[in-house]
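one predicted model, sequence on top.
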Amino acid sequence: MLTEFLRDQCFTTAWFGLMAFVWFGWSQEDPPRSWRVWLGVASVLGVGFAVAFGVLTAANWDQPSALEGKYAWFGVLVAAEVVAAGAGCLLLGRRGASRWMAWWVALVVAAHFLPLALLLNDIGVAVVGVVQLVVLGVAAPRLRATTTASSRTAGPIMGTTLLLSAAISTAIALPGL
């Protein structure tokens with residue numbers, strides 16, 4: 001995103017593309033009929049970013065990373081994210097509120113971008129997380145007023161922000177490649 005580390009830039013772009021694909025896929029759990037083609041197109045775009053920048057990550061693997069010396073902390077952060085998402089989903093499932101699982105996972109993912117930005121020394125990652133947290137917060141009252149799965153709302157929010165971030169990151173990275 002906004003980092004001086006080319007390898008991190010490529011990896012983040014690839015990862016955001018892959019995760020956009022995942023979120024647009026989850027969006028297809030219960031989409032309005034008119035969204036289906038667009039969700040499919042967006043999923044394909046996400047895969048395109050993931051493949052292209054996955055190859056560029058591999059080609060630049062010998063470049064330095066902001067994570068050097070911090071890999072253990074990165075592992076702790078990812079583990080905490082997985083535990084928080086899983087525990088929240090378990091609790092939601094036991095309470096009969098499984099329709100909120102996508103929203104909860106989205107909230108955890110967005111929140112984890114804040115400490116991740118510190119580890120990566122990349123303010124752009126924090127901006128993505130803040131935007132996602134704000135939009136998810138704004139969407140919550142609308143979700144409370146419906147009975148549809150939260151993936152209908154959380155999926156496109158996460159997928160769109162990640163896909164746009166991958167596109168912005170591509171524009172930033174290309175001159176340096």
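That came in fine, so what should we check first? Residues are numbered from 1 along each chain as shown.

quick one: low-confidence parts of this protein?
Applying pLDDT under 70 to the chain picks out residues 1.

quick one, helices of it?
6-27, 36-59, 71-94, 101-120, 123-144, 151-173 (DSSP state H).

format those as CSV; extra columns: mean neighbour count and distance to S65.
C-beta coordinates here come from the backbone N, C-alpha and C atoms, glycine included. As requested, the helices of the chain are exported to CSV (neighbours: other Cβ atoms under 10 Å; distance: least, Cβ to Cβ, whole Å):
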stretch, mean neighbour count, distance to S65
helix 6-27, 23, 5
helix 36-59, 17, 10
helix 71-94, 13, 9
helix 101-120, 21, 8
helix 123-144, 16, 14
helix 151-173, 22, 15
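
gap between the closest residue to K70 other than its chain neighbours and G46?
Excluding the flanking residues, the one nearest K70 by Cβ to Cβ, 6 or more residues apart in numbering is L119, at 5.4 Å. Note on L119: its distance to G46, by Cβ to Cβ, to the nearest Å, is 23 Å.

please apply the same query to Q28.
Note on Q28: its distance to G46, by Cβ to Cβ, is 13 Å.

same check, this time on F74
From F74 to G46 the distance is 23 Å (Cβ to Cβ).

about what we covered before: hang on, the residue nearest to K70 packs against G75?
No: in this structure, L119 is not within contact of G75 by Cβ atoms under 8 Å, at 10.6 Å.

got the contact list for N60?
Going by Cβ atoms under 8 Å, 6 or more residues apart in numbering, N60 touches L6, R7, C10.

also A66?
Counting by Cβ under 8 Å, 6+ apart, A66 makes contact with T3, F5, D8, L119, L120, N121, D122.

with distance to G54 as added columns, please give the contacts of N60 in TSV.
Shown next, in TSV, are these (distance: Cβ to Cβ, whole Å):
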residue	distance to G54
L6	14
R7	12
C10	8
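
looking at the contacts of A66, which is nearest W35?
The closest of the contacts of A66 to W35 turns out to be D122 (Cβ to Cβ; 31.1 Å).

where's the closest one relative to A97, distance?
D122 is 34 Å from A97, where distance means Cβ to Cβ.
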